[in-house]
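Colleague: Okay, here's the prediction I keep looking at, along with the sequence it came from:
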Amino acid sequence: MGFEFNNETFRNDFTFRNSPRAIARFPFPFDRDDYMYSVNMEPHVPGRPGSVFEHAFDVDEHYLAEMRDRALVLKDDPLRCQSLPHMELAGWDLLELIMESKARDYPHWFELHKTGNRWTWINRPMEIEQTFTFLDPSTLPYGPMEYITRQTQGDFTLQDQRDENLWIEAGMVTTQADWSLDFDIGMSFHEWHAPVPLAHEKGVFDRALKFLLKLQHGAPVRRFNWTMTVDPLLDTSPENYPKWGPTKSQITLDNIGKRQHLRVELQTLWRLPRSNAIAFPIRCYLIKFEEIVTQPKWARRLHRVVRDLHPDLAAYKGFLRNRETMVKWLSQYDDGAPTSPGWWPED
Amino acid sequence: MSVGAPRIDVIVSEVVEVNDLIKRFRFVRADGGDMPHFSGGSHVVIEMNDHGTRRMNPYSLMSDPADSKGYEISVRRDDAGRGGSLYMHRHVKAGMRMQIGHPVNLFPPDARAKKHLFLAGGIGITPFMSMMSQLAPVGARFELHYSVRSRALGAYVDRLTAAYAGRVHVYVDEKGEAIDLKTLLATQPLGTHLYVCGPKGMIEWVKSTAYAMGWPANTVHSEEFLAPPVGQPFEVELAASGRTLTVGAAQSILEAMEAAGVDAPYLCRGGACGQCETAVVRCDGHIHHHDHWLSDDEKAAKTKIMPCVSRFEGKTLVLDR
């Protein structure tokens, strides 16, 4: 693939960084100079070679470091991974989806060999070789969802579908933008989205639910979400808020380029075939402000989006107190020139 | 267009005459690959080219979800219907190439149920066959009560009694046998979910009895695909595409739109899923609502219609499509 996995951390000394290659392929979420909520879903079909859309599940230079960080989070707080008893079949569906996708898309790193229900999974980057019986949880060291999501970047939730609603009833959540699986588990679609401002009034969630209830197997969809994070911390959880919340007060014009990160979630939605549940991978990408401004189009646009964002959204996304500093710092990279439509940096 | 997944090119690998009224069809992939996995209770839409008329009928998958080599459906011949089942019976032979949709499940078993109680009438047995195939290997608790007109028309009675001995109860109308529904419902453990699939009268009887006995609505599940009914031809105006179409006697509004090249959403084509819901811009006349999707209030308001099954009689019908 032409790159090596970074040896980096997402805590303490925060050595995380993006290579020039990773910056160029960063999923910049703004396709225009302003932002407001919308359902903004599109088919999750393979995209430009080299982009984060090229494959069903993107594996990038942060893979091993992210998996090490996930293991540390789980060691401190096992409740970050939960699955209600009736969701086990959905967990197997997810395991199969990820193993088949990765073995197809990255054959030099991953292999899956099947003899009936006897499967062998090889994950070379993580030095794992596991033979197990599909649908028999006693043959894996963890439940099927936990097993595969300890080897896959991004958070995952599994939604059961019943009574014309979706219910969040399993998940692996260690790289979340300030929400808690332990708090949300068992909630319906509107319940777990209740804290989001403005979108309810616009009917966004009614339309999104209606759309998702009809989501078909074989036709996954994707959308973006984004927020801001101080320091490259994957685990911005409510459980740990005392550890990271106060860092917002440390942002200055001198350190903002290095410490302020745009946090982008590439969210995909998949109908699972055996369980009829919906899998919701939430893949988090971080980028430093000083890395963003190496792309002139993104620098101009981010300045305009942050400057003009509805204050309720800036508050919900947790950066209202630093907005002025952000705008001031970003303004030096915005010469007022028009930006081209779409999010690709070079277009 | 249906949302999402592409259609699957298949070959009819087997046609079996199960009895006087029912034929079973097996489909395998034309490219020799595996079929997508599916969940018990799913259906697929089968596309037929009936001598120039395009028909797309939904049928429940009855085969074992663990069988990824092929899908099986059973089709009951309806001599008075619009012709889809007649086409399947008369013209579909082994070796033929066809196209089918991806499986969609509008009738899934509730994964939290402590016990699944299945009530089938006639050809309504098919979704339960895939559900039981999926539930049995994982040790789920279930029980089937299966009503048939006569023993000869009881497709799959022998197969099911052999496979699930002690859990299958058969009632033959001709012999005067009938489910003692009240006793059955009164003796179920807490956490039981009830599922019914069969003729309209049976579904209504089971649901109303269960509700009257205090069963919570979210534990009572039913599926009834409606064949679009035959009726008088009528005209419909499409506001967005600026077209006026004539809907034929044996055609649905959805089919008329498709034949005219108007892109309209659909999924089940049987009045159950809600995907084709369309706003009514103007209605001077009477909409014959045949679907299970709109509420009684919505039907009375004449502001929405399900073009897959509903018809119109009167002066003007204008749809937002």
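Modeller: Perfect, thanks for sending it. Please read all numbers here as calculations on a predicted model, not as lab measurements.
Colleague: all contacts plus neighbour counts: C-alpha atoms, from now on.
Modeller: Noted.
Colleague: Now do the same for the residue nearest the centre of chain A: its pLDDT.
Modeller: Residue closest to the average C-alpha location in chain A (Cα atoms, centre = their mean): A:Arg283, at 1.9 Å. We note a pLDDT of 98 for A:Arg283 in this prediction.
Colleague: Am I right that it sits in a strand?
Modeller: Yes: looking at A:Arg283 with DSSP: H, G, I helix; E, B strand; the rest coil, it is inside a strand.
Colleague: What residues does it make contact with?
Modeller: Going by Cα atoms under 8 Å, 6 or more residues apart in numbering or on different chains, A:Arg283 touches A:153-155, A:264-267.
Colleague: what's across from it in the sheet?
Modeller: A:Leu266 (DSSP bridges).
Colleague: how close does it sit to chain B?
Modeller: Relative to chain B, A:Arg283 is positioned 22 Å away (Cα to the nearest Cα, to the nearest Å).
Colleague: who are the neighbours in contact with the residue in the stretch 201-321 of chain B positioned nearest to chain A?
Modeller: Per Cα to the nearest Cα, B:Asn218 is where the stretch 201-321 of chain B lies closest to chain A, at 6.3 Å. Counting by Cα under 8 Å, 6+ apart, B:Asn218 touches A:Asp163.
Colleague: On the pLDDT front, check it for me.
Modeller: 94.
Colleague: Would you mind finding the longest helix in the chain?
Modeller: Defaulting to chain A. Across chain A, the helix with the greatest residue count (assigned by DSSP state H) is helix A:88-105.
Colleague: oops, I was thinking of chain B
Modeller: Longest helix in chain B, counting by DSSP H: helix B:200-212.
Colleague: ok so, going back, can you mark which positions in whichever helix or strand comes after the longest helix of chain A are buried?
Modeller: Using DSSP states H and E, the helix or strand that follows helix A:88-105 in sequence is strand A:110-115. By neighbour count with 16 or more other Cα atoms under 10 Å in any protein chain shown, strand A:110-115 contains the buried residues A:110-112.
Colleague: ok, now stretch A:201-210?
Modeller: Here stretch A:201-210 shows A:205, A:209 as buried, counting by 16+ other Cα under 10 Å.
Colleague: same check, this time on stretch B:203-214
Modeller: B:203, B:206-207, B:210.
Colleague: ok, the residue sitting nearest the centre point of chain B - contacts?
Modeller: In chain B, the residue lying closest to the centroid (Cα atoms, centre = their mean) is B:Phe225, at 3.4 Å. By Cα under 8 Å, 6+ apart, the contact list for B:Phe225 reads B:58, B:270-272.
Colleague: okay if I get these as TSV plus neighbour count?
Modeller: TSV is the format used below for the contacts of B:Phe225 (neighbours: other Cα atoms under 10 Å in any protein chain shown):
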residue	neighbour count
B:Pro58	23
B:Gly270	25
B:Gly271	27
B:Ala272	22
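Colleague: Can you list which of those residues are found in strands?
Modeller: B:Pro58 (DSSP state E).
Colleague: And the contacts of B:Phe225, which is the shakiest by pLDDT?
Modeller: Comparing the contacts of B:Phe225 by pLDDT, B:Ala272 comes last, at 79.
Colleague: got the residues of the stretch 151-300 of chain B near chain A?
Modeller: Within reach of chain A by Cα under 8 Å from any Cα of the partner chain, the stretch 151-300 of chain B has these residues: B:218, B:275.
Colleague: The stretch 151-300 of chain B: strands as residue ranges?
Modeller: Along the stretch 151-300 of chain B, counting by DSSP state E, counting those that start in this stretch, strands occupy B:168-172, B:192-197, B:220-222, B:234-238, B:243-247, B:278-288.
Colleague: just those: most buried one?
Modeller: Comparing the strands of the stretch 151-300 of chain B by mean neighbour count (mean count of other Cα atoms under 10 Å in any protein chain shown), strand B:192-197 comes out on top with a mean of 25.
Colleague: and that one, what does it pack onto?
Modeller: strand B:115-121, helix B:200-212, strand B:220-222 (3 or more Cα pairs under 8 Å, 6 or more residues apart in numbering or on different chains; DSSP states H and E).
Colleague: give me that answer again for 10 Å
Modeller: Counting contacts by 3 or more Cα pairs under 10 Å, 6 or more residues apart in numbering or on different chains; DSSP states H and E, strand B:192-197 is packed against strand B:115-121, helix B:126-135, strand B:142-148, helix B:200-212, strand B:220-222.
Colleague: wait, what's in contact with B:Ile305?
Modeller: B:253, B:274, B:276-280, B:287-291, B:293-294, B:298-299, B:311-312, B:319 (Cα atoms under 10 Å, 6 or more residues apart in numbering or on different chains).
Colleague: what's the closest of the buried residues of strand A:110-115 to chain B?
Modeller: Looking across these and measuring by Cα to the nearest Cα, the closest to chain B is A:Leu112, at 16.3 Å.
Colleague: beta partners of the closest one?
Modeller: Under the criterion used (DSSP bridges), A:Leu112 bridges to A:Trp121.
Colleague: Highest neighbour count among the contacts of A:Arg283?
Modeller: Counting neighbours by other Cα atoms under 10 Å in any protein chain shown, A:Gly154 leads these with 28 neighbours.
Colleague: ok so, going back, mind putting the buried residues of stretch B:203-214 into a markdown table with pLDDT?
Modeller: Output for the buried residues of stretch B:203-214, formatted as a markdown table (pLDDT from 0 to 100):
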| residue | pLDDT |
| --- | --- |
| B:Ile203 | 96 |
| B:Val206 | 98 |
| B:Lys207 | 97 |
| B:Ala210 | 98 |
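Colleague: can I get the residues you listed in JSON lines with distance to A:Ala170?
Modeller: JSON lines is the format used below for those (distance: Cα to Cα, whole Å):
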{"residue": "B:Ile203", "distance to A:Ala170": "33"}
{"residue": "B:Val206", "distance to A:Ala170": "33"}
{"residue": "B:Lys207", "distance to A:Ala170": "31"}
{"residue": "B:Ala210", "distance to A:Ala170": "31"}
